[in-house]
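Novice: Have a look; sequence and predicted model below, questions after that.
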Amino acid sequence: MNRRETDVVVIGAGPVGENVADRVVQGGLEAIIIEAELVGGECSYWACDPSKALLRPGQVLEAARAVPGVASAITGKLDVAAVFARRDAITDGWSDAGQVAWLDSAGIELVRGRGRLSGEREVTVTDADGEQTVITARHAVAVSTGSVAAIPDIPGLAEAKPWSSRDATSAHEVPPRLAVIGGGVVATEMATAFASFGSEVTILARHGLLGGMEDFAGTMLVENFRANGITVHTDTSISRVDRDGDQVVIQTSAGEIIADEVLVATGRAAATSDLGLDNVGLTPGAWLDVDDTLRVHGFDWLYGVGDVNHRALLTHQGKYQARAAGDVIVARATGRRVSDAAWGAHVATADHLAVPQVVFTSPEVASVGLTAAQATTRGLDVRVIDYELGHIAGASLQREHYQGRARAIIDETRQVIVGATFVGPDVAELVQAATMAIVGEIPLNRLWHAVPAFPTVSEVWLRFLEVYGRPQVEA
């Protein structure tokens with residue numbers, strides 16, 4: 001058994017782990033990163049990148065067909081083989097050679113194998129040949145192993161060999177009929193993509209779509225899905241799933257559904273079941289409970305960064321956490337001042353108040369901050385402002401019959417925005433302005449001076465203010 005020592009050990013070389021290690025090395029410490037699969041992680045090969053590569057062609061085609069003068073030039077359907085080929089190129093054919101080269105250029109050492117906690121500040125790595133290396137960290141161990149698809153306990157489902165999100169994003173064939181179990185981001189995005197490829201898609205959701213967001217977002221999505229041929233069953237339970245030859249038979253409260261493939265997209269579970277958590281007094285398979293500096297409660301050396309802490313299961317938010325965690329590890333190791341007050345350099349305060357998210361469905365859904373219900377639950381004096389995006393000149397110029405809606409959540413006491421949701425074509429680019437307004441706590445009276453360019457959909461910011469009313473100048 002080989003033994004090694006370094007300053008910081010990072011388990012998991014996805015975008016989050018890479019950023020933790022990079023910040024540590026930039027701060028002057030040594031870091032070893034451990035990866036059992038592909039460097040670059042879920043986002044690069046099975047989630048963010050390939051899913052958006054699959055969704056983009058359908059979005060472009062839909063946008064072109066909505067503009068007179070262009071629509072008449074559009075003939076035929078998507079070239080699905082070309083879409084898959086572009087997805088393959090974006091994932092580098094599921095090769096991580098480029099990512100490994102980046103680690104080397106950044107001065108981060110890679111150790112391939114399954115890393116498990118085996119003691120205080122100690123990680124044992126087992127490689128593909130069964131050889132083990134024990135690595136001791138002088139300062140910290142950061143767990144960035146992410147999450148895995150959760151499979152619900154439905155009779156027959158596991159035996160029916162359902163698709164997970166990985167199967168959907170790496171598919172090279174389009175099933176004629178695809179059933180999607182779930183109503184969240186993965187479910188709705190993959191339903192959108194495969195419908196654009198020609199699949200007959202049926203969504204089976206226990207409740208509504210996009211739970212946790214403003215209700216109108218899910219409602220508008222259901223309406224648009226149904227108008228475009230996607231069958232949506234909400235408030236639907238499933239009693240059994242069976243694979244019968246080349247088809248899958250699903251027994252539901254809405255009746256029997258028959259499909260060629262079934263995608264399960266009902267949520268995520270912590271990727272900690274095979275991590276050796278029991279060796280340090282934690283529960284295998286559990287999410288890691290961390291403070292705002294991403295340090296696991298009860299430890300002075302163990303950090304949980306990214307999906308694994310269940311704070312915000314989004315790549316960009318995990319990378320934000322990674323920057324804070326990497327920097328605070330360096331600060332603590334070198335005796336520098338730790339800035340751990342709210343919005344400080346070493347905390348992930350935005351996880352609680354300003355998490356931006358985009359769902360790349362048709363229509364797109366973008367949100368950040370609190371919903372109206374969440375703001376009310378927190379005891380804020382809430383005012384809700386809704387605006388139809390189709391009334392904005394920039395939207396009507398973008399496409400014919402633009403349909404969309406925007407909502408701003410106002411904390412009346414402070415007269416600042418604490419949440420925003422946008423539903424409509426290409427609204428993804430609106431969410432960053434809302435994120436900055438929330439994080440910066442920009443007073444509404446100051447926002448009147450942030451003039452939106454005409455004619456753009458961003459003019460919704462002026463419409464929000466007009467509906468709210470300009471505060472009177474004090475005498």
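Specialist: It's in.
Novice: Tell me which residues touch residue 305, please.
Specialist: If you count contacts by C-beta atoms under 8 Å, 6 or more residues apart in numbering, residue 305 has them with 16, 17, 20, 142, 143, 144, 290, 294, 318, 321, 322, 325. (C-beta placed from N, C-alpha, C; glycine too.)
Novice: now residue 462
Specialist: 451, 452.
Novice: buried residues in the one helix or strand it maps to?
Specialist: Counting by DSSP states H and E, the element that carries residue 462 is helix 460-468. For helix 460-468, a neighbour-count test (16 or more other C-beta atoms under 10 Å) marks 460, 461, 462, 463, 464, 465, 468 as buried.
Novice: repeat for stretch 445-457
Specialist: Of the residues in stretch 445-457, those buried by neighbour count under the rule 16+ other C-beta under 10 Å are 447, 452, 456, 457.
Novice: now what about it, what contacts it?
Specialist: Stretch 445-457 is touched from outside by 389, 392-395, 397-398, 415, 417, 424, 426-427, 430, 437, 442, 458-462, 465, 470-471, with contacts defined as C-beta under 8 Å, 6+ apart.
Novice: which one is the residue nearest in space to the middle of the chain nearest to, not counting chain neighbours?
Specialist: Ranked by distance to the mean C-alpha position of the chain (C-alpha atoms, centre = their mean), the top residue is residue 314 at 3.2 Å. If you skip the residues right next to it in sequence, residue 314 has residue 357 as its closest partner in space, 6.1 Å away by C-beta to C-beta, 6 or more residues apart in numbering.
Novice: hang on, the earlier thing: could the buried residues of helix 460-468 go into TSV alongside distance to residue 411 and pLDDT?
Specialist: Written out in TSV, the entries for these read as follows (distance: C-beta to C-beta, whole Å; pLDDT from 0 to 100):
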residue	distance to residue 411	pLDDT
460	19	97
461	17	97
462	20	96
463	19	97
464	14	97
465	15	96
468	12	94
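Novice: quick one on the thing from earlier: next, the residue nearest to the centre of the chain: phi, psi?
Specialist: The phi and psi values for residue 314, taken as degrees, to the nearest 10, are phi -140, psi 140.
Novice: Correct me if wrong: it contacts residue 358.
Specialist: No - if you go by C-beta atoms under 8 Å, residue 314 and residue 358 don't touch, sitting 9.5 Å apart.
Novice: what about the stretch 51-200 of the chain, any weak spots by pLDDT?
Specialist: Low-confidence segments of the stretch 51-200 of the chain (pLDDT under 70): none present.
Novice: how about the helices in it?
Specialist: Residue ranges of the helices in the stretch 51-200 of the chain, as given by DSSP state H, counting those that start in this stretch, are 80-90, 97-105, 165-169, 185-196.
Novice: Present the ones you listed as JSON lines; the columns should include mean neighbour count.
Specialist: As requested, the helices of the stretch 51-200 of the chain are arranged in JSON lines below (neighbours: other C-beta atoms under 10 Å):
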{"stretch": "helix 80-90", "mean neighbour count": "15"}
{"stretch": "helix 97-105", "mean neighbour count": "14"}
{"stretch": "helix 165-169", "mean neighbour count": "21"}
{"stretch": "helix 185-196", "mean neighbour count": "26"}
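Novice: Any chance of TSV for those, columns distance to residue 53?
Specialist: TSV is the format used below for the helices of the stretch 51-200 of the chain (distance: least, C-beta to C-beta, whole Å):
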stretch	distance to residue 53
helix 80-90	4
helix 97-105	16
helix 165-169	9
helix 185-196	9
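Novice: nearest to residue 352, of those helices?
Specialist: Comparison of those against residue 352 by C-beta to C-beta identifies helix 185-196 as nearest, at 20.1 Å.
Novice: ok, residues contacting that closest one?
Specialist: Contact partners of helix 185-196, identified using C-beta under 8 Å, 6+ apart, comprise 51, 54-55, 57-58, 61-62, 78, 165, 168-169, 174-175, 178, 180-181, 201, 203, 205, 209-210, 221, 225, 228-230, 263, 265-266, 357, 359-362.
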